[in-house]
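A.B. asks: model the following, please.
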Amino acid sequence: MKRYLSRLLALVLVVAIGLVGCSNNPSGLTGNYSQDTLAVVGALKTAIELPNDAPDKAAVQTEARQKINDFFARYRRDSSLKTLRSFTTMQTALNSLAAHYTSYPNRPIPEKLKQRLKLEFNQVESAIRQGA
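C.D. replies: So this is what the prediction gives:
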């Protein structure tokens with residue numbers, strides 16, 4: 001009897017942990033491409049505008065890198081998005097920012113890259129509003 005109860009308890013724990021793990025969405029992405037794109041753009045605009053001497057700069061950069069990874073993990077393989085202007089522009093901007101964070105993690109973002117990212121993020125927002 002004791003053996004069956006311990007097996008039943010183990011099974012219940014596995015199922016409970018599995019359900020909790022499956023229901024959690026740590027990336028914060030909803031699955032709605034337009035909403036997710038605008039949310040990521042907003043977060044990344046904040047990250048690139050943060051002053052270099054900000055005390056939480058490292059944490060914000062880490063969060064930005066995580067948002068980039070989550071966005072790509074969710075949408076890069078979706079073939080229906082590859083023809084959207086917003087997606088291709090977003091992909092270009094995210095690749096540039098991710099490359100900078102990977103290659104130069106302790107250096108500030110160059111002003112030229114900041115300006116280009118702002119322009120691309122504005123283009124993405126405009127394309128999303130137009131449905132492209």
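A.B. asks: so which helix or strand takes in the residue sitting nearest the centre point of the chain?
C.D. replies: In the chain, the centroid-proximal residue (C-alpha atoms, centre = their mean) is K67; its distance is 2.0 Å. Using DSSP states H and E, K67 falls within helix 57-75.
A.B. asks: how about that helix: buried residues?
C.D. replies: Of all the residues in helix 57-75, those buried under the rule 16 or more other C-beta atoms under 10 Å are 60-61, 64-65, 67-68, 70-71, 74-75. Using the backbone N, CA and C atoms, a C-beta is placed for each residue, glycine as well.
A.B. asks: for this structure, where's the lowest mean pLDDT among helices and strands?
C.D. replies: helix 2-23 (a mean of 59; mean pLDDT, DSSP states H and E).
A.B. asks: any idea which helix or strand comes after that one?
C.D. replies: Taking DSSP H and E, what comes next after helix 2-23 is helix 33-49.
A.B. asks: averaged pLDDT, that next one. What do you get?
C.D. replies: Mean per-residue pLDDT for helix 33-49: 93.
A.B. asks: report the buried residues of it.
C.D. replies: Buried residues in helix 33-49, defined by neighbour count with 16+ other C-beta under 10 Å: 33, 36-41, 43-45, 47-48.
A.B. asks: run the chain-centre distance for stretch 69-80.
C.D. replies: Centre-to-centre, stretch 69-80 and its host chain are 10 Å apart (C-alpha atoms, centre = their mean, to the nearest Å).
A.B. asks: could you dump the buried residues of helix 33-49 into JSON lines with distance to I109 added?
C.D. replies: Shown next, in JSON lines, are those (distance: C-beta to C-beta, whole Å):
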{"residue": "Y33", "distance to I109": "26"}
{"residue": "D36", "distance to I109": "23"}
{"residue": "T37", "distance to I109": "21"}
{"residue": "L38", "distance to I109": "21"}
{"residue": "A39", "distance to I109": "20"}
{"residue": "V40", "distance to I109": "17"}
{"residue": "V41", "distance to I109": "16"}
{"residue": "A43", "distance to I109": "15"}
{"residue": "L44", "distance to I109": "11"}
{"residue": "K45", "distance to I109": "12"}
{"residue": "A47", "distance to I109": "9"}
{"residue": "I48", "distance to I109": "6"}
